[in-house]
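Chemist: based on what follows, work out the 3D shape:
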Amino acid sequence: MFWKRLLGRRHGVALAAVLASTAVSAADLAEIKANGELRHIGIRYANFVTGTGDGFDVEMMQGFARSLGVSYKLVYSDFYTVIRDLLGKDVQRKNGDVTLTGAFPVKGDVIATGFTMLPWRESILLFSEPTFPSQVLLMAPAESDLQPIKDGSDVSEDIKATKQLIGSRSLLVMERTCLDPANYGLTGVGVDLKKYTKSANLNEMIPALLNGEAQLALLDVPDAILDLRKWAGRIKVLGPISEQQTLATAFPKDAPELRDAFNAYLREIKASGDYDRLVDKYYPGIRLYFPQFFAAKTN
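Modeler: Numbers count the residues shown, from 1 in each chain. Coordinates of the predicted model:
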């Protein structure tokens, strides 16, 4: 498990979906080829979309556009509006239900940005085959008196032990992202949640933690890999909050041919070695943490 290797190195629901409307403007494969352009919606996040014109998902989608014979365009978004930018509908979640409301401009054709496959997202989006692995972790400043959990017999025991560490301590979270506490049973149970609202940039979670905005923070693996290097000796991993998660590319429900074309492209670059080169370029060493995921060349 990823987090156990981090500790060793001392770096330390099915939901019901109620759709208010399914009439959204989206382009499937034929329309994109006719338009001659693939609009990639990306969020500045870890090394998936760096914000400087490159990144794991940026290069992957540039290659996908070339395979379709169309031009490529990167459209920046954030975790609060990314689904709205794809579907032209805003997302509301309440009591396990998901609704799509309003009418907004559709700004892109596909979301590729280290996007986690969560049950509520799957109810309103089509996802590709897995593109990357992840997991949500509990982080603390290095000087915290909390110590990383001891290895359990399985990840469910580890998650339970990690959650018990939180106690009365404040926890930094970010709603409507993979760090939303509602995804992990952390709401309505007495946890002192500190919602980060200054931006929707996950890259700001560790700086906010180190600035004292909360005593603990949620963080996902891709960010953790980078932040443990950037803030070496200043933060530590306490344990996992989630099972291993899957990241994938997301499409509108009415773009199945585009999704299928991307899946075919993904299999091709895994077979050719181009996928491995992207992994090594942007996340060197991650195979040590998720060996089973990266051992599979095709899905």
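
Chemist: for the stretch 151-299 of the chain, give me the ranges with low pLDDT.
Modeler: Along the stretch 151-299 of the chain, the model assigns pLDDT under 70 to residues 297-299.

Chemist: strands along that one, start to end?
Modeler: Secondary structure of the stretch 151-299 of the chain (DSSP state E, counting those that start in this stretch): strands located at 170-173, 192-195, 216-220, 235-240, 245-251.

Chemist: of all these, which lies closest to residue 288?
Modeler: Proximity to residue 288, assessed across those by Cβ to Cβ, is greatest for strand 235-240 (14.5 Å). C-betas here are computed from N, CA, C, even on glycine.

Chemist: what lines up beside the closest one in the sheet?
Modeler: For strand 235-240, the paired strands and their directions (DSSP bridges) are strand 136-141 (antiparallel).

Chemist: quick check: mean pLDDT of the strand it pairs with?
Modeler: The pLDDT scores in strand 136-141 average 98.

Chemist: contact partners for residue 30?
Modeler: Going by Cβ atoms under 8 Å, 6 or more residues apart in numbering, residue 30 touches residue 257.

Chemist: which element is it on?
Modeler: helix 29-35 (DSSP states H and E).

Chemist: also residue 86?
Modeler: Applying DSSP H and E, one finds residue 86 within helix 82-87.

Chemist: now the element after that helix, going C-ward?
Modeler: Helix 82-87 is succeeded, C-terminally, by strand 90-94 (DSSP H and E).

Chemist: just give me the neighbour total for the closest residue to residue 181 other than its chain neighbours.
Modeler: Leaving aside its sequence neighbours, residue 181 sits nearest to residue 173 (Cβ to Cβ, 6 or more residues apart in numbering; 4.6 Å). Residues near residue 173, counting by other Cβ atoms under 10 Å, number 24.

Chemist: tell me the bridge partners for residue 173.
Modeler: residue 195.

Chemist: residue 198 versus that one, what's the distance?
Modeler: Counting by Cβ to Cβ, to the nearest Å, the gap from residue 173 to residue 198 is 13 Å.
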